[in-house]
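[1] A predicted structure for the sequence below; I have some questions about it.
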Amino acid sequence: MSFLITTCCLAIAALTSVFILKHMEAAKPPSTSDRDSNLLAQKQKLIESLREIEFDRKMEKLSVDDYEKLKLHTHRELSEVLKELDSHA
């Protein structure tokens, strides 16, 4: 009987350890390569946004004021992303 109890306790301990290790692995922050990949994707989106802003202004879909505001905001965001990428290099 004590053998059965000991076996059950060991099985529960092993399963608990596996669960805890899996949970800890899932909670890890993203690796540097993941962050860099996300930053590179963000950079591409911002560059595309700048192209769209330029196009919309040429097509007169944006006023000069809106164009300037959007362009400035997007440039600032792009600058932050580039700084972050440079800090990882």
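    Looks like it arrived, so ask away.
[2] Please pull up the helix or strand immediately following the longest helix along the chain.
    Looking across the chain with DSSP state H, the single longest helix is helix 32-58. Note on helix 32-58: by DSSP states H and E, the next helix or strand toward the C-terminus is helix 64-88.
[3] which helices and strands does that next one pack with?
    helix 32-58 (3 or more C-beta pairs under 8 Å, 6 or more residues apart in numbering; DSSP states H and E). All C-beta atoms are positioned from the backbone trio N, CA, C, and that covers glycine.
[4] I'd like the domain boundaries of the protein, if you could list them.
    Domain assignment for the chain, taken from automatic domain parsing, gives 1-29, 31-89.
[5] Tell me, how many residues neighbour His88?
    10 (other C-beta atoms under 10 Å).
[6] Please report how far Gln42 lies from Ser49.
    10 Å (C-beta to C-beta, to the nearest Å).
[7] circling back: how many degrees apart are the longest helix of the chain and helix 64-88 in direction?
    For helix 32-58 against helix 64-88, the angle by axes from the mean of the first three to the mean of the last three C-alpha atoms, to 10 degrees is 160 degrees.
[8] Please identify the buried residues of helix 32-58?
    Going by neighbour count (16 or more other C-beta atoms under 10 Å), the buried part of helix 32-58 is Leu39, Gln42, Lys43, Leu46, Ser49, Leu50, Ile53, Arg57.
[9] helices or strands next to that helix in the packing?
    So helix 32-58, by 3+ C-beta pairs under 8 Å, 6+ apart, packs with helix 64-88.
[10] contacts for the helix it packs on?
    32, 35-36, 39-40, 42-43, 46-47, 49-50, 53-54, 56-57, 62 (C-beta atoms under 8 Å, 6 or more residues apart in numbering).
[11] Repeat that for stretch 46-61.
    Contacts of stretch 46-61 (C-beta under 8 Å, 6+ apart): Leu62, Val64, Tyr67, Leu70, Lys71, Thr74, His75, Glu77, Leu78, Val81.
[12] Go ahead and produce PDB holding the CA coordinates of it.
    The C-alpha coordinates for stretch 46-61 follow below in PDB (Å, rounded to 0.1, in the frame of the first residue of the first chain):
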ATOM      1  CA  LEU A  46       6.000  52.900 -41.100                       C
ATOM      2  CA  ILE A  47       8.000  53.300 -44.300                       C
ATOM      3  CA  GLU A  48       4.900  52.200 -46.200                       C
ATOM      4  CA  SER A  49       2.800  54.700 -44.300                       C
ATOM      5  CA  LEU A  50       5.100  57.500 -45.300                       C
ATOM      6  CA  ARG A  51       4.700  56.400 -48.900                       C
ATOM      7  CA  GLU A  52       1.000  56.400 -48.600                       C
ATOM      8  CA  ILE A  53       1.000  59.800 -46.900                       C
ATOM      9  CA  GLU A  54       3.100  61.200 -49.800                       C
ATOM     10  CA  PHE A  55       0.800  59.600 -52.300                       C
ATOM     11  CA  ASP A  56      -2.400  60.900 -50.600                       C
ATOM     12  CA  ARG A  57      -1.000  64.400 -50.500                       C
ATOM     13  CA  LYS A  58      -0.100  64.300 -54.200                       C
ATOM     14  CA  MET A  59      -3.700  63.100 -54.900                       C
ATOM     15  CA  GLU A  60      -4.900  66.000 -52.800                       C
ATOM     16  CA  LYS A  61      -6.700  63.600 -50.400                       C
END
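[13] Nothing else from me, thank you.
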